[in-house]
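# Dropping the sequence and predicted coords here.
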Amino acid sequence: MNTIEELRTYFGQDHFAFAQGIEIADVQPDFATCTVALRKTHLNALGVVQGGMVFTLADFAFAVASNSQQYGCVTVNSSINFLRAASGSRMDATARQISRSKRICVYEVSVYDENSETVATATMTGYIKTLKNGKG
């Protein structure tokens, strides 16, 4: 498994997530938690966290978890259910693997607000481009 420091360095190249303020909080094999401190720029016209920000946090947590042991997994399909508006000043997302074959993996992602209320749930499917031995 890559260390959390190695993953932070690697994903530091994800300029979009970095610009949103998303950080990697925890990584274990095929599992990750990411967090973001909410800013005014994350809000929509109704004054609640924009759905794209919720999705971005979920997708980034999936990326970190699915690449925790190797690099080269990309999202090929995703489905998200928005359950409630986020409250507080922070959101967290946890991604957990539920299935993996040689080339396909599936993760469940939950996004929580500062009050531990579930904001959204997502299912993310990834294509594993690079195997552990570095061959495609």
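Happy to help now that I have it.
# which regions of this structure lie under the pLDDT threshold?
Scanning the chain with the threshold set as pLDDT under 70 gives 1, 131-136.
# which one is Thr123 nearest to, not counting chain neighbours?
Ser79 (5.0 Å; CB to CB, 6 or more residues apart in numbering). To be clear about C-beta, it is placed using only N, CA and C from the backbone, and glycine gets the same treatment.
# How about Ser89?
That would be Leu38: by CB to CB, 6+ apart, it lies 5.4 Å from Ser89.
# burial of that neighbour, as a residue count?
Counted by other CB atoms under 10 Å, the residues lying close to Leu38 total 19.
# what's the answer for Tyr71, then?
15.
# what does Gly88 give?
Gly88, neighbours per other CB under 10 Å, totals 12.
# Which strand or helix spans it?
Under the criterion of DSSP states H and E, Gly88 resides outside all helices and strands.
# what's near enough to touch it?
By CB atoms under 8 Å, 6 or more residues apart in numbering, the contact set of Gly88 is Leu38, Asp113, Glu114, Asn115.
# Go through these and flag which are in strands.
Asp113 (DSSP state E).
# By neighbours, which of the contacts of Gly88 wins?
Highest count within the contacts of Gly88 by other CB under 10 Å belongs to Asp113, 21 neighbours.
# ok, so what distance separates that one from Tyr107?
20 Å (CB to CB, to the nearest Å).
# Show me the residue sitting in the middle of this protein in space.
Nearest to the mean C-alpha position of the chain, by CA atoms, centre = their mean, lies Ala61 at 1.7 Å.
# and it, what are its phi and psi?
Here is the backbone geometry of Ala61 (degrees, to the nearest 10): phi -60, psi -40.
# In this model Thr94 seems to touch it, though I could be wrong.
Yes: look at Ala61 against Thr94 with CB atoms under 8 Å: they come within range, at 6.5 Å.
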